[in-house]
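Q: Sequence plus predicted model, see below.
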Amino acid sequence: MVKLSEKEKAAHKAAFQAMSPAQKAEHIFTYHKWTILLVLLSLIVLGSILHRQLTQKRPVLYLAVINTTFGEQVEKSLTEDFLAAAGGDTRREEVYLYRDLYLSEDADALNHEYAYASKVKLGGAISAEKLDLVLMNQEAYDIFSRQGYLLELTALPDALSASLVENEVILSDNSVDYLLGNAAQEQVITKTVPNALAVSSLPLFRDAGFDGALYIGVISNSPRPEEAKAYLRYLFGLSGDS
């Protein structure tokens, strides 16, 4: 870069001051546009980061809804209303909701990819410990129970125990070895455990017109078991001390 003399600097300054406002703007943009664009881009990126940090909510619980759908009012009851009842801050906290999930062991060709994608998503959420509760129909409940994903529910308040249901959990299964000829006979060992609550009769779901059985269970590896149990008490209208 050529260094200007003091006389040349003064001449440039005088020429700039003699320009009209429009000419000054055009001059600045012509000679400094890349600097201006870089500054603007930096401000946009910084603003985006700050906005995300200020508005991003911290999940206090993760809930998956499988093989069933509901409207905005039920969603509000399942998320915001629980936070309010628990004394949470709805502006900074949330119940993270996994929606539109479908599981089936007999999915037809049309739904096979959908069921597979849901299975992968749920498996990833469980592995990452970002799934605490599942609200599901009978088919999804059977699948989750057999795979051992659900926590055995014990020492529950009487109001919850009355809705406790049992299902099979597979302890061992040599089906693959049997099909490959590595086992003389197929043997599947199961046990029955209480691992979900029937919620179809609760006013929240009954009044919303849900069809068929509906269950809620706690994921066995949830790092938030106390919060999950508090959520169950909330669904059944129990106080925190119940």
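A: Good, I have the coordinates.
Q: Which residues are in contact with Leu232?
A: Residues near Leu232 by Cβ atoms under 8 Å, 6 or more residues apart in numbering: Leu156, Leu160, Leu197, Ile216, Val218. C-betas here are computed from N, CA, C, even on glycine.
Q: what are the phi and psi values for the fourth one?
A: Yep, that's Ile216 we're talking about. Backbone geometry at Ile216, expressed as degrees, to the nearest 10, gives phi -130, psi 140.
Q: swap in Leu171?
A: Backbone torsions of Leu171, given as degrees, to the nearest 10, read phi -90, psi -40.
Q: Of the contacts of Leu232, which is the most crowded?
A: Ranked by neighbour count (other Cβ atoms under 10 Å), these have Val218 at the top, with 25 neighbours.
Q: roughly how far apart are it and Phe144?
A: Going from Val218 to Phe144 by Cβ to Cβ, to the nearest Å gives 11 Å.
Q: What is the burial count for the residue nearest to Val134 when sequence neighbours are not counted?
A: Leaving aside its chain neighbours, Val134 sits nearest to Ala64 (4.8 Å; criterion: Cβ to Cβ, 6 or more residues apart in numbering). Using other Cβ under 10 Å, Ala64 has 25 neighbouring residues.
Q: Ala64 belongs to a strand?
A: Yes - residue state for Ala64 (DSSP: H, G, I helix; E, B strand; the rest coil) corresponds to a strand.
Q: can I get the contacts of Leu232 in a markdown table with distance to Tyr96, pLDDT and secondary structure?
A: Output for these, formatted as a markdown table (distance: Cβ to Cβ, whole Å; pLDDT from 0 to 100; DSSP: H, G, I helix; E, B strand; the rest coil):
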| residue | distance to Tyr96 | pLDDT | secondary structure |
| --- | --- | --- | --- |
| Leu156 | 24 | 88 | coil |
| Leu160 | 23 | 93 | helix |
| Leu197 | 21 | 97 | strand |
| Ile216 | 16 | 97 | strand |
| Val218 | 15 | 97 | strand |
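Q: From these, pick the one nearest Val169.
A: Nearest to Val169 among these, counting by Cβ to Cβ, is Val218 at 14.0 Å.
Q: Next up, the contacts around Ser104.
A: By Cβ under 8 Å, 6+ apart, the contact list for Ser104 reads Asn67, Asn111, Ala115, Glu139, Ile143.
Q: can you give me the strands for the protein?
A: Applying DSSP state E to the chain gives strands spanning 58-66, 93-101, 133-136, 164-173, 188-198, 215-218.
Q: May I see those strands organised as CSV, with distance to Gly123 added?
A: Listed next are the strands of the chain as CSV, based on distance: least, Cβ to Cβ, whole Å:
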stretch, distance to Gly123
strand 58-66, 11
strand 93-101, 12
strand 133-136, 13
strand 164-173, 16
strand 188-198, 18
strand 215-218, 16
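Q: Out of those strands, which gets nearest to Gly181?
A: Taking Cβ to Cβ, strand 164-173 is the member of the strands of the chain nearest to Gly181, at 16.3 Å.
Q: can you list the residues that contact that closest one?
A: 141-142, 145-148, 150, 153, 156, 187-198, 215.
Q: The same query, at a cut-off of 6 Å, please.
A: Ser145, Arg146, Gly148, Val188, Ile189, Thr190, Lys191, Thr192, Val193, Pro194, Ala196, Ala198 (Cβ atoms under 6 Å, 6 or more residues apart in numbering).
Q: That strand to strand 188-198, inter-axis angle?
A: On the basis of axes from the mean of the first three to the mean of the last three Cα atoms, to 10 degrees, strand 164-173 is oriented at 160 degrees to strand 188-198.
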